[in-house]
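**Q** No letters, just coordinates:
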C-alpha cells in the first residue's frame, strides 16, 4: 500500500510542478511581449527624433563615440 501511495504522491507532485512551469512560461512570454512592445515604441520615438533633428543627432552620436573612445583602453 505504501508504494502505491508514494507513486500517487509523486504523480500528483509532478502534475503540480508541470502546471507551475506552464504558469512561469506564460508569465515569461507575457514579459517578453511587453519588452518587445516597449522596444518598438522606443525605436519609433528615436527614429522620429533623428528625422526631425539630424544635426543634433549626429553631434550627440559623435560625442558619445568620443567619450567611449577615451574610456576604452587602446591595445598598444
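**A** Looks like it arrived, so ask away. None of these values were measured; they are calculated from a predicted model.

**Q** could you pull out the strands for the protein?
**A** Counting by DSSP state E, no segments of the chain form strands.

**Q** Sketch out the low-pLDDT regions of it for me.
**A** Low-confidence segments of the chain, defined by pLDDT under 70: 76.

**Q** Try it again at 80.
**A** For the chain, applying pLDDT under 80 flags the ranges 1, 74-76.

**Q** can you give me the helices for it?
**A** 2-52, 54-71 (DSSP state H).

**Q** Present those helices as CSV; the columns should include mean neighbour count.
**A** Every residue, glycine included, has its C-beta placed from N, CA and C. Formatted as CSV, those follow (neighbours: other Cβ atoms under 10 Å):
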stretch, mean neighbour count
helix 2-52, 10
helix 54-71, 10
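
**Q** how far away is residue 52 from residue 2?
**A** 75 Å (Cβ to Cβ, to the nearest Å).

**Q** Check residue 20 too.
**A** Relative to residue 2, and taking Cβ to Cβ, residue 20 is found at 27 Å.

**Q** Residue 30 too?
**A** With Cβ to Cβ as the criterion, residue 30 and residue 2 are 42 Å apart.

**Q** got it, and residue 48?
**A** 69 Å.

**Q** Next: residue 26.
**A** 36 Å.

**Q** go on, residue 10?
**A** Residue 10 is 12 Å from residue 2, where distance means Cβ to Cβ.

**Q** Also residue 47?
**A** 67 Å.

**Q** Kindly report the same for residue 72.
**A** Relative to residue 2, and taking Cβ to Cβ, residue 72 is found at 65 Å.
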